[in-house]
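Q: this one's sequence-less:
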């Protein structure tokens, strides 16, 4: 069984979609939710699905060790970011090489980087007069949104689009494709896993 931890900072709709996708999967399941905000709605969603969730401060994330201890406690094999706004520290990157992925609501390398999340991205896409947008799923490295791209899906940007309308179109791509890509990449990365993280 491949155990996934989902990191989320806010509402958690993507996190819940991922939990739902894997709920009857015999090879992969979401075993843990981690957030940097105690009042994030993702905790409520996790509780409704019976998935344990924990909050860590920005300082704890920067140190990395408290999060690593929790990941080891739950024997986590693979990490998924779903609307998570903090940078992943080097200690976690080193413990999970090529086993941390993120989804970004635009076609990277455009409209990425620090501060580019959620509606900030969609507003920038609209202001630039882009004809298309979409999603990018990528490996996580030490810089925001600069890890190798795994998968992209595109959608049109209509001249009449509001930020909310474009966001809804991008969300549909996220819900459809992110769980599928997680399943594929997690199996590739963890197929021969030997619980190395327990030994570090």
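A: Yep, that arrived. Note that this is a predicted model, so its numbers are computed, not measured.

Q: Endpoint to endpoint, stretch 3-22 covers what distance?
A: End-to-end span of stretch 3-22 (C-alpha to C-alpha, to the nearest Å): 10 Å.

Q: Give me the mean pLDDT for it.
A: Stretch 3-22 carries an average pLDDT of 97.

Q: Please shift the residue numbers so they start at 35 in all later answers.
A: With 35 as the first residue, the last one maps to stretch 37-56.

Q: Just the buried positions in stretch 186-194, please.
A: 186-187, 191 (16 or more other C-beta atoms under 10 Å). All C-beta spots, glycine's among them, are computed from the backbone N, C-alpha and C.

Q: now do stretch 117-124
A: Quick answer for stretch 117-124 (16+ other C-beta under 10 Å): 117-119, 122-123.

Q: In a markdown table: the residues you listed, plus distance to residue 82 and secondary structure.
A: Formatted as a markdown table, these follow (distance: C-beta to C-beta, whole Å; DSSP: H, G, I helix; E, B strand; the rest coil):
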| residue | distance to residue 82 | secondary structure |
| --- | --- | --- |
| 117 | 17 | coil |
| 118 | 20 | coil |
| 119 | 23 | coil |
| 122 | 26 | coil |
| 123 | 30 | coil |
